[in-house]
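**Student:** coordinates for the following, if possible.
(4 chains)
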There are 2 protein chains.
Amino acid sequence: MAATMQDVATLAGVSVKTVSNVVNDYPYVRPETRERVMSAIAELGYQLNASARNLRRGRTGLIGLALPMLSLPYFAELAESVIAAAEERGLVVVIEQTGDDRGREMDALHGSRRTVTDGLIFSPLALGPEDEHLLPTRPPLVLLGERVFSDRVDHVTMRNTEAAKAATEHLLSVGRRRIAVVGVHPGEKVGSAALRVTGYEQALREAGIALDPALYGTAGPWGRAAGAQAVAQILDAGAVPDAVFGLNDTLAIGAMHELQTRGLRVPEDVAIIGFDDIEEAQYSAPTLTSVHFGRDDIARSAVDLLEARITGAAGAPRRVDAAFQISVRASTGGAGGRASAPT
Amino acid sequence: MAATMQDVATLAGVSVKTVSNVVNDYPYVRPETRERVMSAIAELGYQLNASARNLRRGRTGLIGLALPMLSLPYFAELAESVIAAAEERGLVVVIEQTGDDRGREMDALHGSRRTVTDGLIFSPLALGPEDEHLLPTRPPLVLLGERVFSDRVDHVTMRNTEAAKAATEHLLSVGRRRIAVVGVHPGEKVGSAALRVTGYEQALREAGIALDPALYGTAGPWGRAAGAQAVAQILDAGAVPDAVFGLNDTLAIGAMHELQTRGLRVPEDVAIIGFDDIEEAQYSAPTLTSVHFGRDDIARSAVDLLEARITGAAGAPRRVDAAFQISVRASTGGAGGRASAPT
DNA sequence: TTGTAAGCGTTATCAA
DNA sequence: TTGATAACGCTTACAA
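**Tutor:** Numbers count the residues shown, from 1 in each chain, chains lettered A, B, ... in the order given. Prediction:
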């Protein structure tokens, strides 16, 4: 049987309370007492029983992270950052995969898992603005992204529109004028696709460039194949873009691949920019310029908001806008990448 | 305050024991009693307190999954499968990222997190055979992969050598003779790289083909860039392979990219096979033939072994060999992919 | 088939 | 600065 606080107390010749005080870094313990307790702990190999502490404290020390699925690189990397940020604060993360399924997203919000965790960081993909009323306030909740808004819950937003506008402006700044956009979801009013397309259009309008339907590449799922196919469609229809804005990085990388396969040079003939700045952007050939949102910052903000809400330290729900920047790499003429054409 | 079992019992006019019986599906409860309890539960919105149950049962219901990092697609997909498999058994997964760091891997084995979880599924990357003695048997442990072996712990192995041999034989079967291997770790005796290279060499020897040092492509980290660079090196040195065996999929995809950039056609000029069969293999252009190890099966085996060990149902440590197969796709002339050359 | 009561290992209250 | 002692909410002998 594992040693308990009582065992430690007996061995050290003190009461359990004193052991508890030591374990919890309670300041008013005489150094020599602390010393004695510490060595008793070491001798017995004592380890605190988490369940007992949790029961007593009324908390589990666990937070949930609900996301579509880990096989999407963006979410895997988000999870990586959230786990790391939580660890810094002594919190343990439990991941729930909702698989872009409305029912499972609602279940993540209300289901039995909520008993196990103290709070939830939730990145929805299926729920929309019309589901605002579903958001519970009871188990502390932090929303990620721009699909649902509510002034009743904490939120970390991405400013998709501004960032997409900045991405487009970057392409304009390197002299491109016929900028294709890849990954469009026609008819959709909400979600990352719509917001980013809006930013793209704003930038073009402000630059006095007419929008050209021939430069819009539709793509349902945002994968590499979709990016390649969307570009193929644009080119096959006879359009001649001098730049491509991929609404995320995998789309951009798929687009890049298709362009290169057709003998077009990146960035000489066509510049490319992506969005999200996943790891892969640093390893593509050429390396991919992308909109960088500091995943680590987002993760840290989310964990901080959630922790404050859990401990009751939080007041009115807050909204945090994540900062972004353009990571300029070779695909738009920046440094740091191998050229796409063999030397 | 949340409702407790006592509240439910009072409302239903029964004892807590009866409520507990209902909640735990104890069979000997009169249907009408069960009915009454159920509606009391519903009325109060009662939810079981996990901490209390865990304290009493001496378990936490959590299992750990220690892996290098989620930003590596293979591990993200492994985590996805493990979480899904655990969920089927009512277990919750906590991910620990060791970052390919020896110290953190040892910490995963012994650190404080072990108090929080009932057991650990561990996929090491830094520890080697010499660390066998470090493996604890006390918190139930299931090893994944082929870096460390011990007859004291349960293990799910991948048969890297046989699988790599089969991969090479597949290339031979489509008529290739000058097969480059990419991702070699020279001098390493242990780990996936060495085991897979051994399989590659076995296949060639059995086919009566001499090993050619010019066809070995070294790569430290197994990323896309490394794969591209290794192939570049082989080609620049003047070798003319008619096939490439990427020791994992990202290496293979990097290699594919480099070949295409140089104007070589896949699979017409050079066939390519990868290893792991990550999602991306289905979306590359052309689609990538790869060694498929049924991640879901591996995950399920690991979770089963661990659960048996936790509940004490397990006897002597078991070793499970994961089955594999070659997923033939376009990169070796199979169907199901777009051709690499535009039509 | 159901009830009583004794813990599980902590933390918190209140004295000392 | 430390110690008794009562919870926290549940499961489980043991009784009834």
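
**Student:** now the stretch 1-150 of chain A, which segments are flagged as low pLDDT?
**Tutor:** Scanning the stretch 1-150 of chain A for pLDDT under 70 picks out the ranges A:1.

**Student:** hey, where'd the helices end up in it?
**Tutor:** Ranges of helices within the stretch 1-150 of chain A are A:5-12, A:16-23, A:31-44, A:50-57, A:73-88, A:102-110, A:113-116, based on DSSP state H, counting those that start in this stretch.

**Student:** so which of these is the most packed in?
**Tutor:** Sort those by mean neighbour count, taking mean count of other CB atoms under 10 Å in any protein chain shown, and helix A:73-88 sits at the top with a mean of 22. Heads up, the C-betas are built off the backbone N, CA and C, glycines and all.

**Student:** what does that helix rub up against?
**Tutor:** By CB atoms under 8 Å, 6 or more residues apart in numbering or on different chains, the residues outside helix A:73-88 that reach it are A:63, A:65, A:67-70, A:92-93, A:95, A:121, A:123, A:144, A:248-250, A:276, A:278-280, A:295-296, A:298-300, A:302-303, B:69-71, B:73, B:76, B:79, B:95-97.

**Student:** count of neighbours near whichever residue of the stretch 101-250 of chain A sits closest to DNA strand C?
**Tutor:** Of all residues in the stretch 101-250 of chain A, the one sitting closest to DNA strand C is residue A:118 (14.7 Å; CB to the nearest atom of the strand). Neighbour count of residue A:118, defined by other CB atoms under 10 Å in any protein chain shown: 22.

**Student:** shouldn't it be in contact with residue A:57?
**Tutor:** No: look at residue A:118 against residue A:57 with CB atoms under 8 Å: they stay out of range, at 10.0 Å.

**Student:** list the contacts for the residue of the stretch 101-250 of chain A closest to DNA strand C?
**Tutor:** The contact partners of residue A:118, by CB under 8 Å, 6+ apart, come to A:59-63, A:139-140, A:310.

**Student:** let me have those residues in CSV, extended by neighbour count and distance to DNA strand D.
**Tutor:** Converted to CSV, the contacts of residue A:118 look like this (neighbours: other CB atoms under 10 Å in any protein chain shown; distance: CB to the nearest atom of the strand, whole Å):
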residue, neighbour count, distance to DNA strand D
A:59, 15, 11
A:60, 26, 12
A:61, 17, 15
A:62, 23, 16
A:63, 24, 20
A:139, 17, 15
A:140, 23, 18
A:310, 18, 16
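
**Student:** out of the residues you listed, which sit inside strands?
**Tutor:** Within these, residues falling in strands by DSSP state E are A:62-63.

**Student:** can you pick out the most distant pair from the contacts of residue A:118?
**Tutor:** Spatial extent of the contacts of residue A:118 (CB to CB) is set by the pair A:61 and A:139 at 14.4 Å.

**Student:** in contact with residue A:331, which residues?
**Tutor:** Counting by CB under 8 Å, 6+ apart, residue A:331 touches A:252, A:256, A:266-267, A:271-274, A:284, A:286-289, A:337.

**Student:** now do residue A:45: how many residues are near it, please.
**Tutor:** Residue A:45: 8 surrounding residues under other CB under 10 Å.

**Student:** look up the closest residue to it, ignoring the ones flanking it.
**Tutor:** Distances taken as CB to CB, 6 or more residues apart in numbering or on different chains put residue A:3 closest to residue A:45, at 6.6 Å, once the chain neighbours are dropped.

**Student:** quick one, what contacts the one you found?
**Tutor:** Residues counted as contacts of residue A:3 (CB under 8 Å, 6+ apart) are A:44-47.

**Student:** filtering these by proximity to DNA strand C, which remain?
**Tutor:** A:46-47 (CB under 7 Å from any atom of the strand).

**Student:** show me which pair in the contacts of residue A:3 is furthest apart.
**Tutor:** Pairwise distances across the contacts of residue A:3 peak at 9.3 Å for A:44 and A:47 (criterion: CB to CB).

**Student:** chain center to the strand or helix carrying residue A:274: distance?
**Tutor:** Per DSSP states H and E: residue A:274 is located in strand A:271-275. How far strand A:271-275 lies from its chain's middle: 19 Å, per CA atoms, centre = their mean, to the nearest Å.

**Student:** show me which residues of the stretch 201-343 of chain A sit near DNA strand C.
**Tutor:** Taking CB under 7 Å from any atom of the strand as the criterion, DNA strand C has no neighbours within the stretch 201-343 of chain A.

**Student:** ranges for the strands of the stretch 201-343 of chain A?
**Tutor:** For the stretch 201-343 of chain A, strands defined by DSSP state E, counting those that start in this stretch occupy the ranges A:216-218, A:243-246, A:271-275, A:289-292, A:319-321, A:325-327.

**Student:** what's the closest of the ones you listed to residue A:18?
**Tutor:** Comparing those by their distance to residue A:18 (CB to CB), the top pick is strand A:319-321, with 41.6 Å.

**Student:** packing partners of that closest one?
**Tutor:** Contact here means 3 or more CB pairs under 8 Å, 6 or more residues apart in numbering or on different chains; DSSP states H and E; on that basis strand A:319-321 packs against strand A:154-157.

**Student:** parallel or antiparallel, which strands does the strand it packs on pair with?
**Tutor:** strand A:141-144 (parallel), strand A:319-321 (parallel) (DSSP bridges).

**Student:** deepest-packed of those, please.
**Tutor:** Using mean count of other CB under 10 Å, strand A:141-144 ranks as the most buried of those, with a mean of 25.

**Student:** that strand: how far from the chain's middle?
**Tutor:** On the basis of CA atoms, centre = their mean, strand A:141-144 sits 11 Å off its chain's mean C-alpha point.

**Student:** so what touches that strand?
**Tutor:** The contact list for strand A:141-144 (CB under 8 Å, 6+ apart) reads A:78, A:109, A:119-124, A:135, A:149-150, A:153-156, A:298, A:302, A:305-306, A:309.

**Student:** mind exporting it as CSV, just the C-alpha atoms?
**Tutor:** Provided in CSV are the C-alpha atoms of strand A:141-144 (Å, rounded to 0.1, in the frame of the first residue of the first chain):
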residue,chain,number,x,y,z
LEU,A,141,-15.7,27.8,-20.4
VAL,A,142,-13.3,29.6,-22.7
LEU,A,143,-14.2,29.8,-26.4
LEU,A,144,-11.6,29.8,-29.1
